[in-house]
Structure formats: C-alpha cells, structure tokens
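Peer 1: build the 3D model from these lines:
(one chain, ligands or ions: 1)
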Amino acid sequence: MALSALVALLALAGCQSADIVIGRDLDAAGGAVVSVEPLASATGARALARGGNAVDAAIATAFALAVTWPEAGNVGGGGFMLIRAPGGRALFIDYREKAPRAAEASMFLGPDGKVDKNATRLGYRCAGVPGTVAGLWLAHQLYGDLDWAELVLPAADLAEGGFEVSAELAASSARHARELALCEETRRIFLAPDGLPLRAGDWLCQPDLARSLRLIALDGRRTFYEGELARQIVAGARTQGGILTLEDFRRYEAVVRRPLTGSYRGCRVLAGPPPTSGGQVLIECLNQLDGFDLAALPAGDAAELHLLAEVLQRAFLDRALHLGDPDFVSDPLGAILDQEYGRRLGAGIDPERATPSDRLAGDLGGTLLPAEGESTTHISVVDRHGCAVANTYTLEESWGAKVVAAGTGILLNNEMADFNPQPGRSDRDGQIGTRPNVIEPEKRMLSSMCPVIVERDGELLLVAGSPGGRTIPASVLRVVTGIVDRGLSPAEAVALIRVHHGLYPDRLRIEKAAPAEVKQRLAGMGHALEEREFLGDCHVIGRDPSSGRLRAVADHRRLGAAAAVVAAGPLGSEEGW
Ligand code: DON
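Peer 2: Okay, here's the model as predicted:
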C-alpha cells in the first residue's frame, strides 16, 4: 500500500489518521468503506469521520477511485447505487449510460455483416452518454449531508498532488499499454513518456482530471452535461469518429428506481432492477435454491458448485430472453421472480448431471451474448446508523474505450459493447441477439452489475457487490449464500471458491484454487470446465455471526482495502438523512 500517499491524503483532509484504520477485515460498527483501493476507501472513511453518512462516503470514494483506480473507477462511465436509508427504506439510483441519439441497431456490424469486435471496444463510437456525475449528484441531492464540494475536492487534490502507483495499477497499465497508446491524450496521461507502462512506485499526477474535478466540485452536474466538460468531450468525439452530441449530454438524467426485493430463508434481499440483470439473476437463483438444503452440502464440494452452476444457467436464460432497458421493453419480472416459479425451475435440476445449455435454451441456441471485459469496481459502505450503500460502477472494459478528450483527463466508457450487437443472432460462444437488449437511441444497455443489500429481522445483514461482467451475479450469490445459508463470517464467505455459468458458452467457470478432485467430479457430471485465476472482487460489509457486529472485508483477490472509522461514539439521531 502506498502509505506515504495515504498519510499525505489524511493531512490534506485536515484529519488525524487516528480517526480511521485501513485493513482487509475490520470492525465496521463506527462506519466503514470497502473498495478496491486504499486511498479511495480512506477518502470515503474520512467523509464518515467528518459526520457524513453512507451516501456521502460512497460519493467521495467513487470520485477518489476515478483518480486512483483509473481502469474502472470513473467519471466517464456509469453504474448503480443501492441505498438503504433509515428505517430500512431502500432505493436504487440508475446512472447507467445511454446510447447516443444517433446510435443504430447495426452500428457495430462490419461490411461482412459480422460484429466488428474492435469497433465495440475502442474509440468514441462505443461510448454511451456517461451517467456517473448525474448519478452521484442525484444521490447527493436526495441524501447528501456534507457539502458536495467537500466530497469531490479530496479526489481533485489526489489527482493534482498525485499518488504512488501500486503494483496492481502498474500491472493493469502493462496489460493494456498497447491500446492505451492508441489515443494521444490517453498515452500522455497513463503511459511513461517512452510509451512504457506505469511502474509500481511511479508517482502519477493527473492535472487535467484535477481541473475537471474542481469544475464538478464547483458547478455540480451542470458543467458535465451542459457546460465546459460536455463541450470538451463532444469536441473529442466529433473529431474522432464518435456520435456523442451536446444534446445527448443535455438530455441525460439519472433515474430513481424501486429495488427488486427477494425473500430468502427469512431474509429480505434488495437488489438492482433492470437495466441491470444483476438483481434478476441473483433473486431467481435464490428462489431456485430455496428448494434445496444448501448448507447440508459441504462448502466447495462438487455437489454444491454443480447446484450453483445449474441455477445460474437457468437464470441466465431468462436474462437473455426478457431483460433490457425498462424504459423500452416490458419484462415479465413478476413471473420470473415468483418464488413458486423458481422452485419449479430448481426442481428440474439433476443433482448428478450437468444440463446442456442447448436443451434449456431451445431456439436461443444457435443464435448470440456481447463480449464483456473484466473490469468494473464496487464500493460497500455503512455508516454508524446502519445505513448502507452498495455502489457498482464501470467503464465496461478496463480503461473503457481507452480515449480521453483533450484537456479533461476523463476516460470514456465503452459501454455500448453491453448491447446485443447483432439483432437476431446468438451463438454458442456467448453472443446474444435477443430483442430486448438491441441498440436503440437513448436506450440503456443491459448490465450484470449486482449491488446487493440483505436484511434479517429488519437489521442490516450484508452489503456486497463485485466486478466481473456476466460473472458478477455468481460472485455475489456465493457471498450471500455463504453468509445466509452457512452462517459464515463475511471473510469466510469472501474466501469461498467461486464458480460461474452464464448459459453460453456452455461452460462452468471455476477458480483455479478449487481442489483437483472437485474439478474432476464436476467434469464427470458433464460440465466443461474453464479455469480462471479468480472470479470477481467482492467487497463486503456483513454481520459477524459470533459477535453480531458488522465487519468490513476487502476481497483478497485484487488490491482491496477496508477503511473504518475508529471512534464510534454514541449513536446519535439519524439527522442528515
Ligand atoms: O455492466 C456490465 O455488466 C458490464 N459492463 C460490467 C463489466 C465488468 O464488470 C467488467 N469487469 N470486471
């Protein structure tokens, strides 16, 4: 961890570092933030220590991550914020990107009628209208207690003063150096002058981003959607083949939606509604699992992993068939999330044999899923009143479209890649072409992000979320079932081996660390295994079963850091909400 930078940050914030602690598994009773990056978590925890609530802390953390975790933290992307306000009141802020008005269903097809993969990934054309500034602004309008500027300026200071590049950030910059070099401005900011990637220990300053953040601190969402930043980004798009217009920015709004609610083993599960499929997949999986005694199966055993894969596979079929932007398609969510339907679906699972996806999917087999990157990032927050925020946001792939508009320092997303790129064509490699998620002007692309909050007996039980594209609901499901079914501590639930099945490709993804005999048994059941170093990066705050206290746990799979406020003090009123 860049300790020197952390100390500098704390000094900048004018607070004593004794107010907060940083670690991987911390007591969260005084309030805590967990994210992928320590400086960002500390920035959020500082907001809590100054009397801010969970929404304030999430906003401060999100802006800080845009500086310190540029592969996924963002100003130029979008996401979802699930909020548990006092009294268990819950709401969901949808700040997903929208397709520009000039977008067309077939805009990513090449002359041969096939999807041009690079066109969906790189450059201005694959950027949706960013939602992050509008979403964080809306959250602040609804619930913010501290001043907006107070939440944005620490990030601006971090961008200006710089910070020490971590080994994780250096590795990410190395993985993507070739594509980061494609845009002049991106190369100038994120690669060394000789074009080489960032190295661990380098000092990264982002003066343009600092300036943009100061504008946002001063002018709120206006500068980004109607002012100087909108003009700069649109100018970049216009000169480099993009279709974003000032009118697209002017018309963008973040939206408040009602969270999906599930009921699982006596718990209330709050999760994201469309345009993310995260909540649908998670709750549909839990409804199927309701008919099984999951805790009776040894954790990590082939029988358990098989069951998880099978419920995911079935939920992903409904995702592909029905889900899209709710402002454009009417989905049968009531029916899909009916508990009886879930139990019937689960009853069709053979505990000994993998179900071929073609048998489930019928005429979806043979048609297509869009390619998704592996980078997004999640923030979990609780304040000392037990109010909570689960915020997952993304640029889609790591470093998004790899473009930065001159003078802004803001990386743009390539979220257009989350639409179904070829209407009517799905394939067994995982491309999907079903109607509900075909590109239309001003439509939001379907997501898999899955911020979740679970309560038991009216009390907060856990807050979680993860990156990982279509593997996200599987990682979240693992943590939720670990805590709810098995009574594990949050750290134990995070440590469980993860699997994913997304229908197509018809493969069971499994973490490498799974024991060889488990993999053999799964293969023997008919699963085609695909090993991955790790799946997801789940930052969790959850109740410890032995002490009853909340713990903030950062996933060990990536960098990850919890930051907790030490001095809880007496529980005051809920004013500020
Ligand atoms: O919204 C989505 O589901 C994807 N754009 C998320 C991409 C992602 O998680 C990549 N990350 N690890």
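Peer 1: what is the residue nearest to the spatial centre of the chain paired to in the beta sheet?
Peer 2: By CA atoms, centre = their mean, the chain has its centre lying nearest to Thr392, at 3.2 Å. For Thr392, the beta-bridge partners are Phe80, His378 (DSSP bridges).
Peer 1: roughly how far does it sit from Asp537?
Peer 2: Remark: distance between Thr392 and Asp537 (CB to CB, to the nearest Å) = 11 Å. Heads up, the C-betas are built off the backbone N, CA and C, glycines and all.
Peer 1: anything in contact with each of these two?
Peer 2: Counting by CB atoms under 8 Å, 6 or more residues apart in numbering, the shared contacts of Thr392 and Asp537 are Thr377, His378, Ser466, Pro467.
Peer 1: mean confidence score for the helix or strand hosting Ala491?
Peer 2: Using DSSP states H and E, Ala491 falls within helix 490-495. Here helix 490-495 scores 98 as its mean pLDDT.
Peer 1: circling back to that earlier point, just the shared contacts of Thr392 and Asp537 now: which is nearest Gly162?
Peer 2: Nearest to Gly162 out of these is Thr377 (CB to CB; 20.4 Å).
Peer 1: hang on, isn't the closest one packed against Tyr393?
Peer 2: Yes: using CB atoms under 8 Å, Thr377 and Tyr393 qualify as a contacting pair, with a distance of 6.9 Å.
Peer 1: longest helix anywhere in the protein?
Peer 2: Counting residues, the longest helix found in the chain (DSSP state H) is helix 302-322.
Peer 1: chain center to that one: distance?
Peer 2: 20 Å (CA atoms, centre = their mean, to the nearest Å).
Peer 1: let me know whether it sits next to the ligand.
Peer 2: No: using CB under 6 Å from any ligand atom, helix 302-322 stays clear of the ligand, coming no nearer than 10.9 Å.
Peer 1: that's a helix at His527, yeah?
Peer 2: No: the assignment for His527, made by DSSP: H, G, I helix; E, B strand; the rest coil, is coil rather than a helix.
Peer 1: so what pLDDT did it get?
Peer 2: Reported pLDDT for His527: 98.
Peer 1: could you do Trp137 as well?
Peer 2: So, for Trp137, pLDDT stands at 98.
Peer 1: so it: helix, strand or coil?
Peer 2: Classification of Trp137 by three-state DSSP places it in helix.
Peer 1: count of neighbours near the residue in the stretch 51-200 of the chain that the ligand sits nearest to?
Peer 2: Closest residue of the stretch 51-200 of the chain to the ligand, CB to the nearest ligand atom: Ala72 (7.0 Å). Ala72 is flanked by 30 other residues according to other CB atoms under 10 Å.
Peer 1: any idea how many residues pack against Leu196?
Peer 2: 12.
Peer 1: separation between the nearest residue to it once chain neighbours are set aside and Leu191?
Peer 2: Closest residue to Leu196 apart from its sequence neighbours, by CB to CB, 6 or more residues apart in numbering: Ala177 at 7.2 Å. Separation of Ala177 from Leu191 (CB to CB): 6 Å.
Peer 1: residues that sit against both of the two, list them.
Peer 2: Pro197.
Peer 1: what helices and strands are in contact with the helix or strand Ile93 falls within?
Peer 2: In the assignment (DSSP H and E), Ile93 maps to strand 90-95. Secondary-structure packing of strand 90-95 (3 or more CB pairs under 8 Å, 6 or more residues apart in numbering; DSSP states H and E): strand 78-84, helix 132-143, strand 255-257.
Peer 1: tell me which strands that strand pairs with, and in which orientation.
Peer 2: Sheet pairing of strand 90-95 (DSSP bridges) gives strand 78-84 (antiparallel), strand 255-257 (antiparallel).
Peer 1: among those strands, show me which one is buried the most.
Peer 2: strand 78-84 (a mean of 29; mean count of other CB atoms under 10 Å).
Peer 1: pLDDT below threshold where in the stretch 1-150 of the chain?
Peer 2: 1-18 (pLDDT under 70).
Peer 1: averaged pLDDT, the longest helix of the chain. What do you get?
Peer 2: Mean predicted confidence for helix 302-322 is 96.
Peer 1: buried stuff in the helix or strand just after it?
Peer 2: Note on helix 302-322: by DSSP H and E, the next helix or strand toward the C-terminus is helix 333-336. Buried residues in helix 333-336, defined by neighbour count with 16 or more other CB atoms under 10 Å: Leu333, Ile336.
Peer 1: any residues touching helix 333-336, and which ones?
Peer 2: Leu260, Pro273, Pro274, Gln280, Glu284, Asp318, His322, Tyr341.
Peer 1: most neighbours of all those, which one?
Peer 2: Glu284 (30 neighbours).
Peer 1: OK, contacts around it?
Peer 2: Val311, Arg314, Ala315, Asp318, Ile336, Leu337, Gly342, Leu345.
Peer 1: how about Gly272?
Peer 2: Phe80, Leu82, Phe92, Pro259, Leu260, Gly278, Gly279, Ser447, Met449, Cys450, Pro451, Val452.
Peer 1: residues contacting the first one?
Peer 2: By that I understand Phe80. 92-96, 135, 272, 276, 278, 391-393, 447, 449, 451.
Peer 1: phi and psi next, for Leu218.
Peer 2: phi -80, psi -40 (degrees, to the nearest 10).
Peer 1: go on, Tyr264?
Peer 2: phi -140, psi 120.
Peer 1: can you show me the helices along the stretch 451-577 of the chain?
Peer 2: 472-484, 490-495, 516-524 (DSSP state H, counting those that start in this stretch).
Peer 1: out of those, deepest packed?
Peer 2: helix 472-484 (a mean of 28).
Peer 1: for that one, packing partners?
Peer 2: Secondary-structure packing of helix 472-484 (3+ CB pairs under 8 Å, 6+ apart): helix 278-289, helix 302-322, strand 452-456, strand 459-464, helix 490-495, strand 499-500, strand 540-543.
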